[in-house]
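1. Below: sequence and its predicted model.
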Amino acid sequence: MSIISRFLFGPFRPGVEALRPVLYRIAYAWCHDAALADDLAGLPPTLILHGRADTTVPFASAEAFAAAMKKAGNRCELVGYEGQPHGFFNAVKFDETLADADKFLVSLGYLTPATSSK
């Protein structure tokens, strides 16, 4: 996991949670600075499942990160979920996000396509 991914998506140790807003601002600046975006080159394929109603990490930040990843020559897919807040996928849209993750992994050749049981 890249350092930027850890900052944006990884769990924080107790007592460090207060740093999250600062880290988001750093990540946002990184994605909008062309020189810093060059540092993203060579990162692995990335799938971002993001709620469009997220107020913790605005959807625009995810869009900027995805654009910076693509500009750096990486594969990055952003899937936005209308009306969903931060962390929605753990319960509300579990089946949908699991299907999107499955489709992404199949496209990379990590999984074989599911076959119909009919």
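-> That came through, no problem. Residues are numbered from 1 along each chain as shown.
2. Give me the below-cutoff pLDDT ranges for the protein.
-> The chain contains residues with pLDDT under 70 at 1-38, 116-118.
3. my guess is T46 meets A68, correct?
-> No: look at T46 against A68 with Cβ atoms under 8 Å: they stay out of range, at 10.9 Å. Where C-beta positions appear, they are placed from N, C-alpha and C, glycine not excepted.
4. between those two, who's got more neighbours?
-> It is A68, of T46 and A68, that has more neighbours when counted by other Cβ atoms under 10 Å, with 23 against 18.
5. any idea how far the more buried one lies from P58?
-> Going from A68 to P58 by Cβ to Cβ, to the nearest Å gives 15 Å.
6. Then D102?
-> As judged by Cβ to Cβ, D102 and P58 stand 27 Å apart.
7. and L78, that's in a helix?
-> No: counting by DSSP: H, G, I helix; E, B strand; the rest coil, one finds L78 to be strand, located in no helix.
8. give me the number of residues near it?
-> Counted with other Cβ under 10 Å, the neighbours of L78 add up to 17.
9. now swap in H86 and tell me
-> Around H86 sit 13 other residues, with neighbours defined as other Cβ under 10 Å.
10. Quick check, it in contact with P58.
-> No: assessed by Cβ under 8 Å, H86 is found out of contact with P58, at 9.9 Å.
11. Leaving out chain neighbours, which residue sits closest to L108?
-> Spatial nearest neighbour of L108, excluding adjacent residues (Cβ to Cβ, 6 or more residues apart in numbering): P45 at 5.7 Å.
12. From what I see, the one you found and M69 are in contact.
-> No: judged on Cβ under 8 Å, P45 makes no contact with M69 at a distance of 9.3 Å.
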